[in-house]
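Participant: Prediction below, plus the sequence it came from.
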Amino acid sequence: MADFDLHTLDTAPEASKPLLAKSQAAVGRIPGLHAVMSESPALLEGYQVLHKLFAENTSFDADELTVVWQTINVEHECHYCVPAHTGIAKMMKVDDAIIDALRNETALPSAKLEALRTFTLQMVRERGNVSDADVQAFLDAGYTNKHILEVVLGLAQKVMSNYTNHLADTPVDQVMQKFLWQKAA
């Protein structure tokens, strides 16, 4: 396995330094994921842009954002992103029942959120080749074509982070250590 650096503002490639500074300004620290991604300024910038678009410019509320993110993180077994998004969900005031259900792959507290998780899982597992019946079930749950495409956006963002963390074995940030996670057997 390749050995990836956890870059700082001092060690990062020049093109990544302003991107890391942006991360530090946003969260008060440089997340380990961003430190690894900074080796490729294009990857880090792409990730930051997709994150902003998904988190701030989609029609999903905090619960729904969390469902999409954590469904993908858990399915991809991302040791870094599940704890990170647990902390993010708590900061976003997502109910612990939702957070725990996603981490433990148990039933969500509403049928609509469960439909979102089911559709997101189908998108991941089928690589976007979902059936007409799967799409119709998602629409029947109260979602729209716009939501279908927004799931694609969230999936694109999470592929970037989950795959990077698998390759780099990114250490979980100290602040997120209390949310460590392992997929249930």
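Facilitator: Arrived safely.

Participant: residue contacts, residue 184?
Facilitator: 104, 105 (Cβ atoms under 8 Å, 6 or more residues apart in numbering). Using the backbone N, CA and C atoms, a C-beta is placed for each residue, glycine as well.

Participant: Please report how far it lies from residue 152.
Facilitator: Distance, residue 184 to residue 152, using Cβ to Cβ, to the nearest Å: 27 Å.

Participant: likewise residue 20?
Facilitator: Taking Cβ to Cβ, one finds residue 20 at 28 Å from residue 152.

Participant: Over to residue 34?
Facilitator: For residue 34, the distance to residue 152 - Cβ to Cβ - is 23 Å.

Participant: Also residue 42?
Facilitator: To residue 152, residue 42 is 20 Å away according to Cβ to Cβ.

Participant: how about the residue minimising distance to the centre of the chain, secondary structure?
Facilitator: Centroid-nearest residue in the chain, with Cα atoms, centre = their mean: residue 69, separated by 3.9 Å. Classification of residue 69 using DSSP: H, G, I helix; E, B strand; the rest coil returns helix.

Participant: which residues touch the host helix or strand of residue 112?
Facilitator: Using DSSP states H and E, the element containing residue 112 is helix 111-125. With contact meaning Cβ under 8 Å, 6+ apart, helix 111-125 is reached by 63-64, 67-68, 71-72, 75-76, 98, 102, 107-108, 130, 134-135, 137-138, 140-143, 147-148, 151-152, 154-155.

Participant: gap between it and the chain center?
Facilitator: Centroid separation between helix 111-125 and its chain, computed with Cα atoms, centre = their mean, to the nearest Å, is 15 Å.

Participant: Can I get the buried part of the contacts of helix 111-125 as one ChimeraX selection?
Facilitator: Here is the ChimeraX command that selects only those of the contacts of helix 111-125 that count as buried (16 or more other Cβ atoms under 10 Å):
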select :63,64,67,68,71,72,75,76,98,102,108,130,134,137,138,141,143,147,148,151,154,155
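
Participant: Output stretch 77-93 in PDB with nothing but the alpha carbons.
Facilitator: Extracted C-alpha coordinates of stretch 77-93, given in PDB (Å, rounded to 0.1, in the frame of the first residue of the first chain):
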ATOM      1  CA  GLU A  77     -17.200   0.600   5.300                       C
ATOM      2  CA  CYS A  78     -15.300   3.900   5.700                       C
ATOM      3  CA  HIS A  79     -13.500   3.900   9.000                       C
ATOM      4  CA  TYR A  80     -12.900   7.700   8.800                       C
ATOM      5  CA  CYS A  81     -16.200   9.100   7.400                       C
ATOM      6  CA  VAL A  82     -18.600   7.200   9.600                       C
ATOM      7  CA  PRO A  83     -17.100   8.800  12.800                       C
ATOM      8  CA  ALA A  84     -16.700  12.200  11.000                       C
ATOM      9  CA  HIS A  85     -20.300  12.300   9.800                       C
ATOM     10  CA  THR A  86     -21.500  11.200  13.200                       C
ATOM     11  CA  GLY A  87     -19.900  14.300  14.600                       C
ATOM     12  CA  ILE A  88     -21.200  16.400  11.800                       C
ATOM     13  CA  ALA A  89     -24.700  15.100  12.300                       C
ATOM     14  CA  LYS A  90     -24.600  15.900  16.000                       C
ATOM     15  CA  MET A  91     -23.400  19.500  15.100                       C
ATOM     16  CA  MET A  92     -26.300  19.700  12.700                       C
ATOM     17  CA  LYS A  93     -28.700  18.600  15.500                       C
END
